[in-house]
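Visitor: Sharing a model that was predicted from the sequence below.
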Amino acid sequence: MTFEQFAAVDIRVGRVIEVDDFPEARRPAWKLRIDFRPEIGLKRSSAQIANYSRDELLNRMVLGVVNFPPRQIGPVRSEVLVLGTYS
């Protein structure tokens with residue numbers, strides 16, 4: 001990856017405002033709704049259940065890539081890639 005390619009990735013901070021079950025997922029996952037404030041707005045995504053419970057995710061600030069094209073993940077249209085980080 002070149003620096004120019006990396007610089008094109010738009011990473012924003014948003015707040016998880018909804019966490020719903022995603023029983024159709026092949027691996028255990030949540031359906032998320034994330035508020036990126038007025039500039040980006042509300043976006044939907046899915047996240048594998050790996051490290052956080054529903055209660056831990058709700059109202060949590062997360063990092064997300066907001067300029068990737070949407071992807072269809074089963075019945076969910078994922079509009080943002082939620083990033084994981086080390087604490």
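Guide: Thanks, I have it.

Visitor: where does the chain dip in pLDDT?
Guide: 87 (pLDDT under 70).

Visitor: For it, which segments count as strands?
Guide: For the chain, the strands identified by DSSP state E occupy 11-21, 29-35, 42-48, 61-65, 71-73, 76-78, 81-83, in order along the chain.

Visitor: Turn those into TSV, including mean neighbour count.
Guide: C-beta coordinates here come from the backbone N, C-alpha and C atoms, glycine included. Shown next, in TSV, are the strands of the chain (neighbours: other C-beta atoms under 10 Å):
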stretch	mean neighbour count
strand 11-21	16
strand 29-35	21
strand 42-48	19
strand 61-65	16
strand 71-73	12
strand 76-78	17
strand 81-83	16
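
Visitor: could the ones you listed be laid out in a markdown table, adding distance to Q5?
Guide: Formatted as a markdown table, the entries for the strands of the chain read as follows, by distance: least, C-beta to C-beta, whole Å:
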| stretch | distance to Q5 |
| --- | --- |
| strand 11-21 | 13 |
| strand 29-35 | 24 |
| strand 42-48 | 22 |
| strand 61-65 | 13 |
| strand 71-73 | 19 |
| strand 76-78 | 21 |
| strand 81-83 | 15 |
